[in-house]
Every structure is written in structure tokens, then in C-alpha cells.
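A.B. asks: From the sequence below, what's the structure:
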Amino acid sequence: MLLFWSEEHIEKWCKDWNLPRGEIIPLDKCNRLAQAWYSPDRREPEWRRRTIDEAEALFVELGFTSEFWRLPH
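C.D. replies: Have a look, this model is predicted:
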């Protein structure tokens, strides 16, 4: 994840590094994803990694619906 000041900053960074523009999300939406993704305590014995379908369902629930968020099956 990279943080940028503006759309212009994003465009300059992509040009400077010769990389395509990826998914752009506001910081508050990124925070909601982080809270949902990391809220299960991995120290708990019953913790398990999400399946691909569970991860995609979480993305959809949070409004991450573009092709970028589709995981390989």
C-alpha cells in the first residue's frame, strides 16, 4: 500500500516508476478494510486463515468490488 497526496502525485509516481495505476481507495475505506481484516486475533487457537471465497465476500461487504479485488481461484 502506498499513500499519496493527490491524483497528480499518483500519476507522477506511476510515470517515474513506469508502473500502471492500481486501485485507488480513500484512507477511511482502507482503515475499514484493515480493521475487518485484522480484527480476528491470530493468537486465538480457533483462528484460521480466510478462504479465498471468504476474503472476496469481505471485500464485497466493504464495497471493494472492482476487478482488482478478485482473487485467483
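A.B. asks: What is the neighbour count of the nearest residue to Gly22 once chain neighbours are set aside?
C.D. replies: In this structure, Gly22 finds its nearest non-sequential neighbour in Phe68, 6.8 Å apart by CB to CB, 6 or more residues apart in numbering. For the C-beta atoms, the positions are set from N, CA and C on the backbone; glycine is no exception. Counted with other CB atoms under 10 Å, the neighbours of Phe68 add up to 11.
A.B. asks: Same question for Gln35.
C.D. replies: Using other CB under 10 Å: Gln35 sits among 10 other residues.
A.B. asks: likewise the one 10 residues further on?
C.D. replies: Residue neighbour count, defined by other CB under 10 Å, stands at 5 for Pro45.
A.B. asks: do the same with the one 4 residues further on
C.D. replies: When neighbours are defined as other CB under 10 Å, Arg49 has 9 of them.
A.B. asks: quick revisit: ok, the residue nearest to Gly22 to Asp28 distance?
C.D. replies: 18 Å (CB to CB, to the nearest Å).
A.B. asks: And for Val60?
C.D. replies: For Val60, the distance to Asp28 - CB to CB - is 18 Å.
A.B. asks: Between the two, point out the one with more neighbours.
C.D. replies: Val60 (11 against 7).
A.B. asks: Check which helix or strand the more buried one maps to.
C.D. replies: helix 52-61 (DSSP states H and E).
A.B. asks: thinking again about what came up before, is it true that the residue nearest to Gly22 touches Ile24?
C.D. replies: No. Assessed by CB atoms under 8 Å, Phe68 is found out of contact with Ile24, at 9.6 Å.
A.B. asks: Please identify the buried residues of the helix holding Val60?
C.D. replies: By 16 or more other CB atoms under 10 Å, the buried positions in helix 52-61 come out as 56, 59.
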